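Trainee: coordinates for the following, if possible.
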Amino acid sequence: MSCLAWNCHGLGNWRARIELKELIQAKDPLVVFLSETWSKKDQLEKIRCNIKYAGLFVVPKQDVGGGLALLWKHGVTVWVDSFSRFHIDAKVHGGSADAWRFTGFYGAPDAQDREDAWAMMRLLNSKPHLPWLCMGDFNEILFTEEKGGGRIRPHCQMQAFRDTLDVCGFVDLGFTDPEFTWNGNRHGHIIWERLDRGVANHDWLEKFPTATIRHLHYVELDYRPLLLILDPNGESQRWKRKPFRFEEMWLADRGCSDTVLRAWESQPRGQPMFWVSTKLKKCKKMLKAWSKDHFGSVKKQIVQKKELLWKAEEELANGGSHDSVVELRRDLNVLLDKENHMWAQRSRIQWLINGDRNTGYFHGVATQRK
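Mentor: Residues are numbered from 1 along each chain as shown. As a prediction, this is how the structure comes out:
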C-alpha cells in the first residue's frame, strides 16, 4: 500500500495530467493528495474517472491559483472530516479498528501568511486522537541544510515550523533518493529546497514501522511527487506485453521503407494469396527487429532520457552545467511529441487537428478500443 502527494502546479497542462496518470498506474496509491490544482471540480472529476478511482474531495481554487484534491481507490473507506485552503483532513478505514488520519497539507506560499497555516495545523491537533499522518508541500524547510542556492532562510521562519511540528507530536519520516523536492530560478540563481515531506505521530509510526518516503522524479514541473510506501516488502508492479502495431511515426525514418522493401523482395512458393500472407508476416518480423535495433521504443527512450535528466539535475544542484539540463529537456519533449503522435494514430480519430497534443485524450480512446 502507498500514498501519493504532489504539488502538481496546475492540471491544465496536459503533460502534468499524463505524468499523474502514469504515476498512479505505476505506483497504485491508496490515497492521492494534490495541491495547487488550479482546477474546478468538474475538471478533477474527469481525472478521477480517467484513473478509475472511487472517491474525490475538492477544495476549489481561489482566483487563479490554489486548489486541493483528495482521491482514493475502490475498497477503502475514506471520511473527509475537515478542510480549508491549507488542508484536507480525512479518516482512512473510518469506522473500523484500523482507522488512521491522513491530512494532506499545503503551506502558505507567502511567508507573511504562513502563521495562518501553522495555526490551522495546531487546530487539527486538538481533534480526537488517532494514528496521524500529514504529508504535502509545506512551503518551508526545517534546517538550512535543506536549501541550496539563493538567500539564507530566516531562522524565525524555520523555528516556527519546527515548533508547530513539536506541538503536534510529529516526527519527520525522512526520504530516499534525491535530496530536494523543489527547484526554481529566483533572481538569476538556481535554488533547491526540500519543501515537501511526510510527518507522523508516534501512534502512526507504531502502526506502520517500516513506512518510507521516496522523492520521485518529474519532467514538466518544479516539484517532485512524494510516494509514501506503507509496506515496502509488498510493493509490486505489473507489466503487459503489447501487440505489434505499425507506427505512423516510423515513416519519418528512411530505415522503415528500406525494411519493407527488403521484406517484399522475398519470393515464397505457393499461391498468390499465400505469397502476400508470407510477405506480410516477414515484413512484420523485420519491422519489429528494425524498430528495436535502430528506431527503438519511444517509451524506453523516454525512460532513458528521464534518467539522464535526473542525473543532470543532481549534478546541477552540485554546481553542474545548466545547459545540459536544458538540452535533455528539449530532447525529452521531442520524444513526448512522438509518443503523442503514436497515440493519435492508434485512436483512429482523423477529425482532430494534427497539432493537438492531447496525449491523454488519444490514449483514453485508443485503450477503450481494445
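
Trainee: hmm, Gly66 is touching Arg85, no?
Mentor: Yes: taking C-beta atoms under 8 Å as the contact criterion, Gly66 and Arg85 are neighbours in contact, 6.1 Å apart. Any C-beta I mention is one placed from the backbone N, CA and C, and that applies to glycine too.

Trainee: any shared contact partners between the two?
Mentor: In terms of C-beta atoms under 8 Å, 6 or more residues apart in numbering, Gly66 and Arg85 are both contacted by the residues Val59.

Trainee: Three-state assignment for the closest residue to Gly12 other than its chain neighbours, please.
Mentor: In space, and not counting its chain neighbours, Gly12 is closest to Trp38: 6.2 Å by C-beta to C-beta, 6 or more residues apart in numbering. Following DSSP: H, G, I helix; E, B strand; the rest coil, the label given to Trp38 is coil.

Trainee: separation between Trp38 and Ala26?
Mentor: The spacing between Trp38 and Ala26, counted by C-beta to C-beta, to the nearest Å, is 24 Å.

Trainee: more crowded one of those two?
Mentor: Regarding Trp38 and Ala26, a neighbour count based on other C-beta atoms under 10 Å identifies Trp38 as having more, with 18 against 12.

Trainee: if we can go back for a sec, show the contacting residues for the residue nearest to Gly12.
Mentor: By C-beta under 8 Å, 6+ apart, the contact set of Trp38 is 9-12, 61, 64-67.

Trainee: of those residues - the most surrounded one?
Mentor: Looking at the contacts of Trp38 with neighbours defined as other C-beta under 10 Å, the largest count falls to Gly67 at 25 neighbours.

Trainee: so what pLDDT did Ala200 get?
Mentor: Looking at Ala200, its pLDDT is 95.

Trainee: what of Ile190?
Mentor: 85.

Trainee: hang on, it in a strand?
Mentor: Yes: counting by three-state DSSP, Ile190 falls inside a strand.

Trainee: and it, how far from Val325?
Mentor: Ile190 sits 9 Å away from Val325 when distances are taken as C-beta to C-beta.

Trainee: what residues do these two have in common as contacts?
Mentor: Leu316.

Trainee: for the record, mean pLDDT for the host helix or strand of Glu22?
Mentor: Following DSSP states H and E, the helix or strand that holds Glu22 is helix 14-27. Here the mean pLDDT over helix 14-27 is 87, rounded to a whole number.
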